[in-house]
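>>> this one's sequence-less:
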């Protein structure tokens, strides 16, 4: 009994932890990681409900992860399944009850579904026990499914999930569902802010900002792993960085359509006006109430700075639009920020933004060949970009390729 009380206390503490994560993608990762730790299982996935379908949103697998180099992310593909009895996840979402299966290869005729072995056949992984839990909000509405795979004993052998843990994991799942709903609302608010910019500038699409944000987090994580940053600091920074990166160009809402939608090249005067979007974006977050406000302002104002000091807007007061004392050039304009004068998050988003802009088709250009993109970024190390970040980016290009597939432009 004391053991169950300890588990319940741990789950309550976990509920408090996840309630502080605001970004939906990072929240799903944390929920799955903690649920797996609680049940001591090898793998798992999370589905999020959209209409009458479940979207496969996140996956973890320790066995497959160990085959990768340290610090590398496990690749996975997103897909949809109907909320119906045709799959395990769909069955649980449809019926709203937890399902504990000792061996998914041996469900027989007990259930109306059969296990899809395609992933196992491709990878050589063996899925055995599975605990599938509905995610219900405080109103009792199903918002997704948490699926835990291959409970392990102390010797690393696959065993069935303990039935005694089901009630506690359901409690955790309910807390997780409410946190997911809050995070989805936060994401939706950010996307609506970006849609205002998209109405003005068609380049600022939902997939674009999601890719830039996810690239930024992946780049930060790889840097943090290399520099042995403590995990609590990583978790905190990932959350604010991802949301801030999504809003890097939100200041474009204040730029005139005559400039923003001009099909040709800007005149020098027009380009000076266009540069102001960095200041307008920073001013949106000038009242600092949280780490997110501070981070969003930093990213907005610094993502067009260059490592060699030739970027913009430089050392400037975003409210007065005047150069800070001691940082004026001969013409009175602000000197660009140089090297590590550029805030770290700004350096990260600068690289992520340019990579996406070059890699994807725009109304004024075709997507560049990947080799051309990588050669350009490699050549800009120490010029436009932080050379350390370029090195880390190139070492993790497979992760960036995977992210691009998760947020295709045709999804909007």
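Thanks, I have the structure now. All values reported here derive from a predicted model rather than from experimental measurement. Numbering: from 1, shown residues only.
>>> Could you name the specific helix or strand carrying residue 44?
strand 41-50 (DSSP states H and E).
>>> May I see the buried residues of whichever helix or strand comes after that strand?
Downstream of strand 41-50, the first helix or strand assigned by DSSP H and E is strand 53-61. Buried positions in strand 53-61, judged by neighbour count with 16 or more other C-beta atoms under 10 Å: 53, 54, 56, 57, 58, 59, 60, 61. For the C-beta atoms, the positions are set from N, CA and C on the backbone; glycine is no exception.
>>> Stretch 258-277 now?
259, 260, 270, 274, 275, 276, 277.
>>> just curious, which of the residues you listed is nearest to residue 17?
Among the buried residues of stretch 258-277, residue 277 lies closest to residue 17 (C-beta to C-beta), at 36.3 Å.
>>> Just give the closest residue to that closest one, not the sequence neighbours.
residue 251 (3.9 Å; C-beta to C-beta, 6 or more residues apart in numbering).
>>> what does residue 215 give?
Closest to residue 215 by C-beta to C-beta, 6+ apart is residue 352, at 3.7 Å.
>>> swap in residue 87?
Nearest to residue 87 is residue 81, by C-beta to C-beta, 6+ apart, at 4.9 Å.
>>> would you say that neighbour is within a strand?
Yes. Judged by DSSP: H, G, I helix; E, B strand; the rest coil, residue 81 forms part of a strand.
>>> Where does the prediction get shaky in the stretch 301-412 of the chain?
Residue ranges of the stretch 301-412 of the chain with pLDDT under 70: 362-365, 410-412.
>>> can you check the stretch 151-300 of the chain too?
197-205.
>>> all strands for it, in order.
Along the stretch 151-300 of the chain, counting by DSSP state E, counting those that start in this stretch, strands occupy 158-159.
>>> quick revisit: these two touch, right, the residue nearest to residue 277 and residue 279?
Yes. Counting by C-beta atoms under 8 Å, residue 279 is a contact partner of residue 251 at 6.9 Å.
>>> the domain parsing of the protein - what is it?
Domain segmentation of the chain under automatic domain parsing yields 2-181, 201-411.
>>> what residues are up against residue 397?
residue 374 (C-beta atoms under 8 Å, 6 or more residues apart in numbering).
>>> Now do it against residue 377, distance only.
As judged by C-beta to C-beta, to the nearest Å, residue 397 and residue 377 stand 10 Å apart.
>>> Same question for residue 54.
According to C-beta to C-beta, residue 54 and residue 377 sit 36 Å apart.
>>> do residue 174 as well
Distance of residue 174 to residue 377, given as C-beta to C-beta: 45 Å.
>>> So which bits of the strand holding residue 44 are buried?
Neighbour count says strand 41-50 has 41, 42, 43, 44, 45, 46, 47, 48, 49 buried, by 16+ other C-beta under 10 Å.
>>> Determine which two of those residues are furthest apart.
42 and 49 (25.3 Å).
>>> how would you label residue 100: helix, strand or coil?
Here residue 100 is strand, with the state taken from three-state DSSP.
>>> Beta-bridge partners for it, please?
As for beta bridges, residue 100 partners with residue 131 under DSSP bridges.
>>> Tell me, how many residues neighbour it?
Neighbours of residue 100 under the rule other C-beta atoms under 10 Å: 18.
>>> With residue 307 instead?
Residue 307, neighbours per other C-beta under 10 Å, totals 26.
>>> switch to numbering from 18
Yep, numbering from 18; the last one is residue 324 now.
>>> contacting residues for it?
Counting by C-beta under 8 Å, 6+ apart, residue 324 makes contact with 355, 356, 359, 364, 399, 400, 401, 402, 403, 404.
>>> From what I see, the fifth one and residue 325 are in contact.
Right, residue 399. Yes. Using C-beta under 8 Å, residue 399 is in contact with residue 325, at 7.3 Å.
>>> helix, strand or coil for residue 152?
Residue 152 - assigned by three-state DSSP - is strand.
>>> tell me the contacts of it?
159, 160, 161, 162, 163, 190, 191, 193, 194, 197.
>>> Next, the buried residues of stretch 129-138.
130, 132.
>>> Do me a favour and get the end-to-end distance for it?
Terminal residues of stretch 129-138 are spaced 22 Å apart (C-alpha to C-alpha, to the nearest Å).
>>> what does it rub up against?
Stretch 129-138 has contacts (C-beta under 8 Å, 6+ apart) with 102, 103, 104, 105, 107, 108, 121, 122, 124, 142, 143, 144.
>>> Let's have the residues you listed in TSV, adding neighbour count, secondary structure and distance to residue 308.
Below are those laid out as TSV (neighbours: other C-beta atoms under 10 Å; DSSP: H, G, I helix; E, B strand; the rest coil; distance: C-beta to C-beta, whole Å):
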residue	neighbour count	secondary structure	distance to residue 308
102	13	coil	45
103	15	coil	44
104	22	coil	40
105	22	helix	39
107	20	helix	38
108	20	helix	41
121	21	helix	42
122	13	helix	47
124	16	coil	47
142	16	coil	39
143	12	coil	43
144	20	coil	39
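>>> So among those residues, where is pLDDT lowest?
Comparing pLDDT over the contacts of stretch 129-138, the lowest score belongs to residue 124 (88).
>>> I'd like the distance between that residue and residue 149.
In terms of C-beta to C-beta, residue 124 sits 12 Å off from residue 149.
>>> circling back: columns distance to residue 205 on top of the domains of the chain, output as TSV?
As requested, those are exported to TSV (distance: least, C-beta to C-beta, whole Å):
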stretch	distance to residue 205
domain 19-198	9
domain 218-428	11
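>>> Relative to residue 209, which of those domains is closest?
Closest approach to residue 209 among these (C-beta to C-beta): domain 218-428, 10.1 Å.
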